[in-house]
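Chemist: Structure of the sequence below:
(one chain, ligands or ions: 1)
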Amino acid sequence: MGILLTIDKLTKSYGPIDVLRGVSLALDAGQTLALTGESGSGKSTLMHLAAALDQPDGGSIALDGVDITTLDDAARARIRRDRIGLVFQQFNLIPSLTVTGNIAFQARLSGRHDPAHCAMLAQRLGIDRLATRYPEELSGGQQQRVAIARALANRPALILADEPTGNLDEATGDAVLDLLLELVGETGAALMMVTHSTRLAARLDRRLHLSRGRLTDPPPGP
Ligand SMILES: Nc1ncnc2c1ncn2[C@@H]1O[C@H](COP(=O)(O)OP(=O)(O)OP(=O)(O)O)[C@@H](O)[C@H]1O
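Modeler: Now for the predicted structure:
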């Protein structure tokens, strides 16, 4: 399998804080990678950059060989819409759309809406009964599962997930991660997932740890 994502010597500072100080990694198509690191180490910053939601100060991010840091806003938005699925901590569900509308939203914009695929995702994630509800009528865990379904609906090449099971109790979180990994496997997507849990990280193909602005192997477990 070929390389999907190549991040090279990425740097990002906020004022005097050098959050990323030369981060490099390569992710193969279909591969799953867990990203750990202390609070404030820059994990979310790295995910936002990989999602083309923000621009680095230096370095490059290539998706399918295209350096997304050199593209204009419209082109970056298109790549995000067509190639990337996001599950971030604030779920960014659209308040005026139902669960079904939220799941289909991005796929509709891409012109690749597949109602049967969306229905399958909702059913597998156990949110099919909530189809006509609005985000404000959902619990945090239910919103998280809608965000996961939405991220997968478009069959993206890359899923970027920042603590995708952070709002769920351990048993539900495990079950949702099982499903996420299953669905990622079925659709052939690659996954980069931030987690604080070494137990959850152990379930992915690879693990990297962000520390002092650089990626390393994770520290040995307890
Ligand atoms: N928009 C911003 N403006 C200023 N500083 C920022 C901004 N975003 C992040 N930071 C700072 O950058 C550092 C890294 O933040 P980031 O959210 O990437 O860490 P994290 O590893 O995801 O943390 P956590 O595990 O707590 O979510 C922190 O010191 C944070 O305060």
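Chemist: Can you mark which positions in the worst-scoring helix or strand of the chain on mean pLDDT are buried?
Modeler: Least confident element among the helices and strands of the chain, by mean pLDDT, DSSP states H and E: helix 170-187 (a mean of 89). Within helix 170-187, the residues that count as buried by 16 or more other CB atoms under 10 Å are 173-174, 176-177, 179-181, 183-184, 187. To be clear about C-beta, it is placed using only N, CA and C from the backbone, and glycine gets the same treatment.
Chemist: With stretch 74-84 instead?
Modeler: Quick answer for stretch 74-84 (16+ other CB under 10 Å): 76, 79-84.
Chemist: now stretch 185-198
Modeler: 187, 189-195, 197-198.
Chemist: what about that stretch and the ligand, touching?
Modeler: No: using CB under 6 Å from any ligand atom, stretch 185-198 stays clear of the ligand, coming no nearer than 6.7 Å.
Chemist: end to end, how far does that stretch reach?
Modeler: 21 Å (CA to CA, to the nearest Å).
Chemist: Equivalent analysis for stretch 64-74, please.
Modeler: 18 Å.
Chemist: Can you pull out the residues in contact with the least confident helix or strand of the chain?
Modeler: By CB atoms under 8 Å, 6 or more residues apart in numbering, the list of residues contacting helix 170-187 from outside reads 30, 32, 121, 124-125, 141, 144-145, 148, 152, 155, 159, 161, 164-166, 168, 190-191, 200, 203-204.
Chemist: do stretch 109-119 as well
Modeler: Outside stretch 109-119, the residues that touch it by CB under 8 Å, 6+ apart are 81-82, 100, 103-104, 107, 128, 149, 153-155.
Chemist: How about the residues of the protein by the ligand?
Modeler: Contact residues, the chain versus the ligand (CB under 6 Å from any ligand atom): 14, 17, 19, 37, 39-45.
Chemist: hmm, which of these are the buried ones?
Modeler: Buried by 16+ other CB under 10 Å: 19, 37, 41-45, out of the residues of the chain next to the ligand.
Chemist: Which of the residues of the chain next to the ligand fall within helices?
Modeler: Here DSSP state H is the test, and the residues of the chain next to the ligand give 43-45 as lying in helices.
Chemist: Can you add distance to Asp64 and pLDDT and give those residues back as CSV?
Modeler: Converted to CSV, these look like this (distance: CB to CB, whole Å; pLDDT from 0 to 100):
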residue, distance to Asp64, pLDDT
Lys43, 24, 96
Ser44, 24, 94
Thr45, 23, 96
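Chemist: Relative to Phe88, which of those is nearest.
Modeler: Ser44 (8.0 Å; CB to CB).
Chemist: Next one: that closest one from Val184, what distance?
Modeler: Distance of Ser44 to Val184, given as CB to CB, to the nearest Å: 20 Å.
Chemist: quick revisit: can you flag which of the buried residues of stretch 185-198 belong to helices?
Modeler: 187, 198.
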